[in-house]
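Engineer: How does the following fold in three dimensions:
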Amino acid sequence: MQCLHRSRQGFIEEKTATYNRLRGLISEFGVIAPQSTDSLRHMVSAQKDSLPLQVQQCVDDLLEHVARIEANIAEYDRILSRMAKTDHRSQCQQRVKSDPLTATTNGLILIHLVYSGLASAITPAFRFCFSR
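Structural biologist: Numbers count the residues shown, from 1 in each chain. Model prediction:
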């Protein structure tokens, strides 16, 4: 399950980097885009015809790359959501938090703490209510 979370996070970082690459590319030609990805897509589609042909090809390739990355992220979300429905640790977490992605992540953290021996070294939360 951890490999799915790490891969998904890598796709998110790659998507951000690709949008920043696109933003930097069009800024070389005087088109300044806002931070919002929706605004960036809208501005690129509106200004693309004013860019040189080679730059238009690069813009198209970057937008296609982002679309593939977003499809991968959506697929990983579906997989993690299905896993959260069958994993009892995730179901316990979902009682507190309704997000399946967060529930599977928290379950992994708990498993890691238990197997690494750190769980026994951590003070239980109820003891903090008696502190000063």
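Engineer: what ranges do the helices span in the chain?
Structural biologist: 2-27, 37-47, 53-86, 88-96, 100-116, 118-121 (DSSP state H).
Engineer: okay, those helices in CSV with mean neighbour count and mean pLDDT next?
Structural biologist: Glycine gets a C-beta too; all of them are placed from N, C-alpha and C. As requested, the helices of the chain are arranged in CSV below (neighbours: other Cβ atoms under 10 Å; pLDDT from 0 to 100):
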stretch, mean neighbour count, mean pLDDT
helix 2-27, 15, 95
helix 37-47, 14, 91
helix 53-86, 14, 94
helix 88-96, 15, 70
helix 100-116, 16, 57
helix 118-121, 10, 52
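Engineer: Please list all residues in contact with the nearest residue to P34 once chain neighbours are set aside.
Structural biologist: Once flanking residues are discounted, P34 sits nearest to L40: 6.8 Å by Cβ to Cβ, 6 or more residues apart in numbering. By Cβ atoms under 8 Å, 6 or more residues apart in numbering, the residues touching L40 are 19, 22-23, 33-34.
Engineer: got a list of contacts for stretch 23-38?
Structural biologist: Contacts for stretch 23-38 (Cβ under 8 Å, 6+ apart): 19, 39-40, 43-44, 47, 50-52, 55, 58-59, 62.
Engineer: tell me the two of those residues that are most distant?
Structural biologist: S39 and P52 (22.6 Å; Cβ to Cβ).
Engineer: Out of the contacts of L40, which comes closest to R89?
Structural biologist: Once Cβ to Cβ is applied, the member of those that ends up nearest R89 is Y19, at 34.0 Å.
Engineer: Give the buried residues for stretch 25-34.
Structural biologist: 25-26, 31, 33 (16 or more other Cβ atoms under 10 Å).
Engineer: Let me have these in TSV, adding distance to K85 as columns.
Structural biologist: Listed next are these as TSV, based on distance: Cβ to Cβ, whole Å:
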residue	distance to K85
L25	41
I26	42
V31	45
A33	39
